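Chemist: Sequence and predicted model, in that order:
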Amino acid sequence: MSASPSLQFDALFGDYPLDRAFDEMREPGGEVRAPYRAMAETLSRLPHEELQRRKQSADLSFLNQGITFTVYGHDEGTEKIFPYDLLPRLITSQEWSKIERGLTQRVTALNHFLQDIYSDAKILNEQVVPRELVYSCRHYRRQMRGLQVPRNVYITVVGSDLLRMPDGEFVVLEDNLRVPSGVSYMLANRRVMKRTFPHLFHSYGVRPIEQYPQLLLATLRSLAPEGRPEPNIVLLTPGVFNSAYFEHTYLARQMGIDLVEGRDLVTHDNFVYTRTTDGLKRVDVIYRRVDDDFSDPLVFRPDSILGCAGLFNAYRAGNVTVTNAFGTGLADDKALYAYVPRIIRYYLNEDPILPNVETYLLTEEKERRHVLANLDKLVVKAVGESGGYGMLIGPHASAAKREEFAQQIQANPRNYIAQPTLSFSRAPCLIGDRLVPRHVDLRPYILFGDKVNIVPGGLTRVALDKGSLVVNSSQGGGSKDTWVLQQ
Amino acid sequence: MLSRVADSLYWMSRYLERAENTVRQLDVTSSLMLDPGGASAEIRWQRLVASLGNPPGLNWQGDFDSMAHKLVFDDENHACVTSSIDLARENARQVREEISSEQWQRLNRLYHQIHAPEAETQFTANPSDFLSSIIDGIHLFKGVTDTTMIHGQGWQFIRMGRYLERCYSTATLLEVFQPELLGLPEREHSGYQYLEQVGLLRCCTAFEAYCQVYTADIAPERILEFLLLNSDFPHSIRYCVDSALDALESIQRASARRPSDELRSAIGRLHAMLGFTTVGEIIEGGSASFLHRIREQCMTIHEILYRYYVQYSIQSALTA
């Protein structure tokens, strides 16, 4: 005799705490939310061993595909399997449509902002955004002043991180406008989930995301220099030791374009070429996965060997499109983030559809005093860092660590911002043989070429450690497949 | 294709061929050790190391088994099997977008097999089984390469690497063995001599093929003729050179670039050396120097290949 469904269900959900944070699957009262009912039913009907078997077969699939990332600070080049969770995260079509509109609005405004800053800087002249905040940003590139970029598109690939707050609404935590990564995990998750829960997937009517590489290719193609109907598009990677190298190879293969390293590129007379067995071949579009600093030793960091000398001049001459453009990191600076709602209103004359998280600017005397007095309640972030590095989570940090941050803030207030410790949503994860709630965020990927395109879904990142608020893969985070429903 | 990619594919292939050759020679040598009365363990070891091109760090230390273990697993040593497989995988990892997923998975499995915690005990328990399973893994990779990869330039560079490496290592092997084959006065047929000669053929997986051509009548000149001049056997030097020439022609046919005369003539010269001669003439003219010339020619071809396709000067490419 097998256990009855409800018993199975109880066994799975056994000890599942619900509190103020929004739970993706369950109402505050404990009942399962409407979209998740079919999933809960499927789970409760699956014998325990069957669930474990599916988990193992999914594990194996990730392993064999070699879906790995590299962790810095360990032995150089250590590959790890990217952790993932078996249960998909659901987003209804209504929720998605708001996210889509909100992100389109946001990205459009940020692109206007970059264009303005690198030309007339009206927004500074009208004092909507403080001038010193822009010119003190270490991602501001004076070399971009007055440079015409193709179609005026600065940010071609964007990954914005969203959180769901206790009231069920999404807010934007940050934008990644430089070289956002993770999209290959989104695609790999989907592939594995389709094999793991084929019937469930089918019955839910999930909107497809598999077209992403093709959309990306079309976006890159739309940015090719004039008079190049068959552009040669390449993906520039820092090389095998980069943490996202797997993703670079994956995308290059999926798009059918060359994956190049700096040493494959040559410039001559302001044209960029790849060194091929057939001789030199002109490059028209570079999808750049190398940071500004390392892209061209003649213009940026002179000690870098990852980029290509002369690349920037060829770019300036309009002979090659490099995307994302240089200097876009300015607009995802965590201090400028506080001004994004104002930026949206300024350029689009619209109210932001997706709100920001409340942010304290430590350059403001009053806010700084408040933050220093409340370090144990706040989250402090270094403005120029990403990937969960350079971050203090007040409530979880030791007194010594807080003191260290307090000193750093006083020494260099421009380098930090503070935000309240957010109570963002949790979703059930299968850990061992139990469902337990873990914090999740959502990173949709936005493509911007001749128009804005967002594939329905994104990477749901999970803080796999109990109680943890950090979802970055470099800090022990994992991921889930994200199902955006047609209905 | 990108020069760097071509170079990585070429080296991936060369390193795997090298690993296979090392494994097979080690396997044959250890099975020859089972019959006492032939050469001593030390002499066999030295001959083995010489046939591998005398890599440093493999000096005889008194015990064949521990030397064999070193040759397979000593990561510090460039010539050992694990480091060849590591380098092959590392080259493949850098061009993952160019090879098929099946190829990558196959190579990855081979890598994990030889690095598994139990690998060393498996080897100690039964060296021959372990070595065969490594060769199986390499053969599977080659099979998957031929059936899943597009037969374009990349595949031709893989072939180029494989045949140049094989040509070079077979020439080295024959050069080491040729005093024993030809230098000694005709002795009465001793069983040991027979075993040694069969061992030489086995090093090139050539014993059965030899028998098909010449019957089991093993004679030194015929061995030399077979391994040097047979045009149908995949491990003979002539076959390797024909295949390398064929790969080069395919690479050049697919390319808009003017073919390199220097490269064509280097391979063509080697081709002619083997195509228009007999084993009698080779022995008469000195087989040692003939084999030595083959090796030198292989190195020249490698050098031109690298200079022409990978590390060419930008000036030369712009004027071409």
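Modeler: Good, I have the coordinates. Numbers count the residues shown, from 1 in each chain, chains lettered A, B, ... in the order given.
Chemist: What count of nearby residues applies to residue 235?
Modeler: Using chain A. Residue A:235: 23 surrounding residues under other CB atoms under 10 Å in any protein chain shown. (Glycine included, C-beta is placed from N, CA and C.)
Chemist: my bad, the chain I had in mind was chain B
Modeler: If you count neighbours by other CB under 10 Å, residue B:235 ends up with 21.
Chemist: With residue A:15 instead?
Modeler: Residue A:15: 7 neighbours (other CB under 10 Å).
Chemist: Equivalent analysis for the one 5 residues further on, please.
Modeler: Using other CB under 10 Å, residue A:20 has 7 other residues around it.
Chemist: same check, this time on residue B:163
Modeler: 25.
Chemist: same deal with residue A:175?
Modeler: Around residue A:175 there are 25 residues (other CB under 10 Å).
Chemist: Run through the neighbouring helices and strands of the one helix or strand it maps to.
Modeler: Element membership for residue A:175, per DSSP states H and E: strand A:170-176. On a contact count with 3 or more CB pairs under 8 Å, 6 or more residues apart in numbering or on different chains; DSSP states H and E, strand A:170-176 meets helix A:93-117, strand A:157-164.
Chemist: now could you export just the CA positions of that strand as CSV?
Modeler: Extracted in CSV, the C-alpha atoms of strand A:170-176 (Å, rounded to 0.1, in the frame of the first residue of the first chain):
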residue,chain,number,x,y,z
PHE,A,170,8.1,43.2,-7.8
VAL,A,171,10.8,45.9,-7.2
VAL,A,172,14.1,46.4,-9.0
LEU,A,173,17.1,45.7,-6.9
GLU,A,174,19.8,46.5,-9.4
ASP,A,175,20.5,46.7,-13.1
ASN,A,176,23.4,45.0,-14.8
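Chemist: Could you identify the helix or strand that succeeds it?
Modeler: Immediately after strand A:170-176, counting by DSSP H and E, sits helix A:183-196.
Chemist: Buried residues, that following helix. List them.
Modeler: Across helix A:183-196, burial judged by 16 or more other CB atoms under 10 Å in any protein chain shown covers A:183, A:184, A:185, A:186, A:187, A:188, A:189, A:190, A:192, A:193, A:196.
Chemist: cool, and stretch A:436-451?
Modeler: Quick answer for stretch A:436-451 (16+ other CB under 10 Å): A:436-449.
Chemist: Let me have the helices and strands packed on strand A:170-176 in CSV, extended by mean neighbour count.
Modeler: Below are the helices and strands packed on strand A:170-176 laid out as CSV (neighbours: other CB atoms under 10 Å in any protein chain shown):
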stretch, mean neighbour count
helix A:93-117, 19
strand A:157-164, 23
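Chemist: Dump the ones you listed to a markdown table, plus distance to chain B and mean pLDDT.
Modeler: Output for the helices and strands packed on strand A:170-176, formatted as a markdown table (distance: least, CB to the nearest CB, whole Å; pLDDT from 0 to 100):
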| stretch | distance to chain B | mean pLDDT |
| --- | --- | --- |
| helix A:93-117 | 28 | 97 |
| strand A:157-164 | 18 | 96 |
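Chemist: Columns distance to residue A:243 on top of these, output as a markdown table?
Modeler: Output for the helices and strands packed on strand A:170-176, formatted as a markdown table (distance: least, CB to CB, whole Å):
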| stretch | distance to residue A:243 |
| --- | --- |
| helix A:93-117 | 25 |
| strand A:157-164 | 15 |
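Chemist: so which of these comes closest to residue B:216?
Modeler: Smallest distance to residue B:216 across the helices and strands packed on strand A:170-176 (CB to CB): 67.0 Å, for strand A:157-164.
Chemist: my guess is residue B:64 contacts residue B:40, does it?
Modeler: No - counting by CB atoms under 8 Å, residue B:64 does not reach residue B:40; the two are 9.9 Å apart.
Chemist: next structured bit after the helix or strand containing residue B:16?
Modeler: Using DSSP H and E, the element containing residue B:16 is helix B:3-32. Sequence-wise, the next helix or strand downstream of helix B:3-32 (DSSP H and E) is helix B:41-51.
Chemist: how about the helix holding residue B:16: buried residues?
Modeler: B:3-30, B:32.
Chemist: Ok, stretch B:148-166 next?
Modeler: Neighbour counts over stretch B:148-166 (16+ other CB under 10 Å) mark B:149, B:153-166 as buried.
Chemist: so which of the helices and strands packed on strand A:170-176 comes closest to residue A:171?
Modeler: The minimum distance between residue A:171 and the helices and strands packed on strand A:170-176 falls on strand A:157-164, with 5.6 Å, by CB to CB.
Chemist: Quick check: residues of chain A near chain B?
Modeler: A:64-66, A:239-240, A:249-250, A:252-253, A:258-261, A:263-264, A:266, A:268, A:274-280 (CB under 8 Å from any CB of the partner chain).
Chemist: Make a PyMOL selection of the buried ones in these.
Modeler: Restricted to buried positions by 16+ other CB under 10 Å, the PyMOL selection for these reads:
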select buried, chain A and resi 65+66+240+249+250+252+253+258+259+260+261+264+266+274+275+276+277+278+279+280
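Chemist: Would you mind listing where the stretch 1-150 of chain A has pLDDT under the threshold?
Modeler: The model of the stretch 1-150 of chain A has pLDDT under 70 over residues A:1-12, A:64-81.
Chemist: mind redoing it with 90?
Modeler: A:1-21, A:27-32, A:40-52, A:55-84, A:132-133, A:136-138 (pLDDT under 90).
Chemist: repeat for the stretch 151-300 of chain A
Modeler: In the stretch 151-300 of chain A, residues with pLDDT under 90: A:181, A:239-246, A:253, A:293-295, A:298-299.
Chemist: ok, back up a step: redo the buried residues of stretch A:436-451 as TSV? Include secondary structure.
Modeler: As requested, the buried residues of stretch A:436-451 are exported to TSV (DSSP: H, G, I helix; E, B strand; the rest coil):
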residue	secondary structure
A:436	strand
A:437	strand
A:438	strand
A:439	strand
A:440	strand
A:441	coil
A:442	strand
A:443	strand
A:444	coil
A:445	strand
A:446	strand
A:447	strand
A:448	strand
A:449	coil
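Chemist: Show me chain A divided up by domain.
Modeler: A:93-348, A:360-420 (automatic domain parsing).
Chemist: Please identify the deepest-packed of the ones you listed.
Modeler: domain A:93-348 (a mean of 19; mean count of other CB atoms under 10 Å in any protein chain shown).
Chemist: Residue A:453 against residue A:222, yeah?
Modeler: No - with contact defined as CB under 8 Å, residue A:453 does not reach residue A:222; the gap is 10.5 Å.
Chemist: and chain B, which of its residues are near chain A?
Modeler: B:1-6, B:90, B:93-94, B:96-97, B:101, B:104-105, B:108, B:153, B:157, B:251, B:255-257, B:309-310, B:312, B:314, B:317-318, B:320.
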